[in-house]
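> Give me a 3D structure for the following:
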Amino acid sequence: MSLPLRFRAADASDVLAVVMLVESAYRGDASRAGWTTEADLLDGRRTGPDDVIACIHRPQSRLLLAERGGELLACAHVAVEDDAGYFGMFSVAPGQQGGGVGKLVLAEAERIAREDFGMAVMRMTVIDLRDELIAFYERRGYRRTGIKKPFPYGDARFGLPKRLDLRFEVLEKPL
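Have a look, this model is predicted:
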């Protein structure tokens, strides 16, 4: 029997570990071990210490960590934005993807938004070309809103695009 998943809020001592986790889940060859990779769409950074610290210190915000036996397996940012819960920076270590960790993290993030922040809806943005990822969220009750947001081309904080047709779509779920 494996050890239970433990949730906690990140603090300043977790910044570098969170950056390494997020980068491993989305960028470079290491990310190809999991199914959430964006390596075919983007190079460059996915996040940095500045982003992680901003999430930790932002009001009505929690950077959720999921650990097992002291090992960081996943993270997600949960915040209040535009009178709804916002879900972002969702990352599961590539070797842990497909094993149920992500579903548990998403459920805990929804609980935080609903119970701790009092939100009735959770929203997120996903690159609209990520059909498999969008399908994952749809199976968990999220729906495509049809609201599209431009990708921030030219801002290296969001990565270096490998294609010119990237944009975000807003997904949402009633809590």
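
> quick check: longest strand of the protein.
Criterion DSSP state E: the longest strand present in the chain is strand 71-81.

> where does the spatially most central residue of the chain fall, phi/psi-wise?
Centre of the chain computed as the mean C-alpha position; nearest residue by C-alpha atoms, centre = their mean is Phe90, 1.7 Å away. Phi and psi for Phe90, reported as degrees, to the nearest 10, are phi -70, psi 120.

> That one and Leu164, how far apart?
25 Å (C-beta to C-beta, to the nearest Å). For the C-beta atoms, the positions are set from N, CA and C on the backbone; glycine is no exception.

> Ignoring the adjacent residues along the chain, who's closest to the residue nearest to the centre of the chain?
Nearest non-adjacent residue to Phe90, counting by C-beta to C-beta, 6 or more residues apart in numbering: Ala76, 4.5 Å away.

> Bridged to that neighbour, which residues?
Listed beta-bridge partners, Ala76: Leu64 (assigned using DSSP bridges).

> Quick one: residues contacting it.
63-64, 87-91, 105-106, 109 (C-beta atoms under 8 Å, 6 or more residues apart in numbering).
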